[in-house]
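Colleague: how does the following fold in three dimensions:
(chains A and B)
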Amino acid sequence: MPPDIEAVAEQVFAALADPTRRAILAALASRGPATATDLAGCLPITRQAIAKHLVLLAEAGLVTAEPGERRRVRYRLRSAPMQVAQQFLAALARDWDSSLGALKDHLDRVVGG
Amino acid sequence: MAFPDRIERTVEIAHPPEQVWAALTTAEGLGAWFGDEAAIELRPGGSAWMKWAGGHTADMRVERVEKPTAFGFTWHIFGLPEDDPRRTYVEFTLEPAGAGTRLTVVETGFAQLPDDAYRKAYDGNTEGWASELGELVDYLDAA
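Modeller: Residues are numbered from 1 along each chain as shown, chains lettered A, B, ... in the order given. Predicted coordinates:
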């Protein structure tokens, strides 16, 4: 197993555990790249608080900073770590128990129990 | 490690391996208990698919066919984007148990390393943050 895959998933879940960071990520996902000022305009949080969370999210690789207009830094959501977290969730959601239960029911129905 | 790479289940089924085998490896069987509709080319390298009424489709590639003891296939990881190349391997093992069957299913590969292109995309943005973040700090300090 790659040594860092769990660390990546952990950073995603830690980021998502905080409602402010969830709101920032959700805003970037739904509206596209934005500056701290843009985000402050659409979220009930001060720009300073947003900037602090953005630095943390950038360090975790969940957003990437890019040059925006008038020398302002614009933040873009990065999907790669989310996909690693989805891998984790896929394993939790796989639910072989239901499928195998359906297999048993099928055999009882078709062949007779 | 908490990241689950392998899922394993064993169930006792009150029907002999031949009947369980048919349910696992025929279009009729797979389309009845697993998908809503299915097709399968039962040979290593053969393709198979299952469709659900909700519109979801699972494409599988048959990997192992040892009637009536082992059946394996790979498929796309459910929940990941369609174009994601990662796949898990599913293997069913059938053992006679009295008049019935002990069926084990093992699915592995949830914690696999993403392919090179993916890794490149993932690592590609680690440089340049320092200067960008420096600009952010400058901007906030000036505000």
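
Colleague: okay, which residue is most central for chain A?
Modeller: residue A:82 (4.3 Å; Cα atoms, centre = their mean).

Colleague: hang on, that residue packs against residue A:12?
Modeller: Yes. The criterion here is Cβ atoms under 8 Å, and residue A:82 meets it with residue A:12 at 6.2 Å. Just so you know, the C-beta spots here come from the backbone N, C-alpha and C atoms, and that holds for glycine as well.

Colleague: need the overlap of contacts for these two.
Modeller: Between them, residue A:82 and residue A:12 have residue A:62 as joint contacts when contacts are counted by Cβ atoms under 8 Å, 6 or more residues apart in numbering or on different chains.

Colleague: which intervals of chain A have sub-threshold pLDDT?
Modeller: A:1-3, A:112-113 (pLDDT under 70).

Colleague: one more pass at 50, please.
Modeller: A:1 (pLDDT under 50).

Colleague: got a list of what residue 82 touches?
Modeller: The chain I'm using is chain A. Here residue A:82 is in contact with A:12, A:62 (Cβ under 8 Å, 6+ apart).

Colleague: was after chain B, sorry
Modeller: By Cβ under 8 Å, 6+ apart, the neighbours of residue B:82 are residue B:76.

Colleague: if we go to 7 Å?
Modeller: Residues near residue B:82 by Cβ atoms under 7 Å, 6 or more residues apart in numbering or on different chains: none.

Colleague: in the chain, which spans are helices?
Modeller: By default, I'm working from chain A. A:5-17, A:19-31, A:36-42, A:47-59, A:79-93, A:96-111 (DSSP state H).

Colleague: hmm, no, I was thinking of chain B.
Modeller: Taking DSSP H as the criterion, chain B carries its helices at B:17-25, B:27-33, B:116-123, B:129-142.

Colleague: related to what we said a few turns ago, identify whichever of the helices of chain A lies nearest to residue B:25.
Modeller: Among the helices of chain A, the nearest to residue B:25 by Cβ to Cβ is helix A:96-111 (12.2 Å).

Colleague: ok, the residue positioned nearest the centre of chain B - contacts?
Modeller: With distances taken as Cα atoms, centre = their mean, residue B:88 lies nearest the centre of chain B, 3.5 Å away. Shown in contact with residue B:88 (Cβ under 7 Å, 6+ apart): B:74, B:75, B:77, B:107, B:108, B:109, B:110.

Colleague: got phi/psi on the residue nearest to it when sequence neighbours are not counted?
Modeller: Of all residues not flanking residue B:88 in the chain, residue B:109 sits nearest, at 3.9 Å (Cβ to Cβ, 6 or more residues apart in numbering or on different chains). Torsion angles at residue B:109 (phi, psi; degrees, to the nearest 10) stand at phi 110, psi 10.

Colleague: residues touching residue B:102, list them.
Modeller: B:10, B:12, B:95.

Colleague: 8 Å instead, please
Modeller: Residue B:102 touches B:10, B:11, B:12, B:13, B:94, B:95, B:96, counting by Cβ under 8 Å, 6+ apart.

Colleague: what about residue B:81, neighbour count?
Modeller: Counted by other Cβ atoms under 10 Å in any protein chain shown, the residues lying close to residue B:81 total 10.
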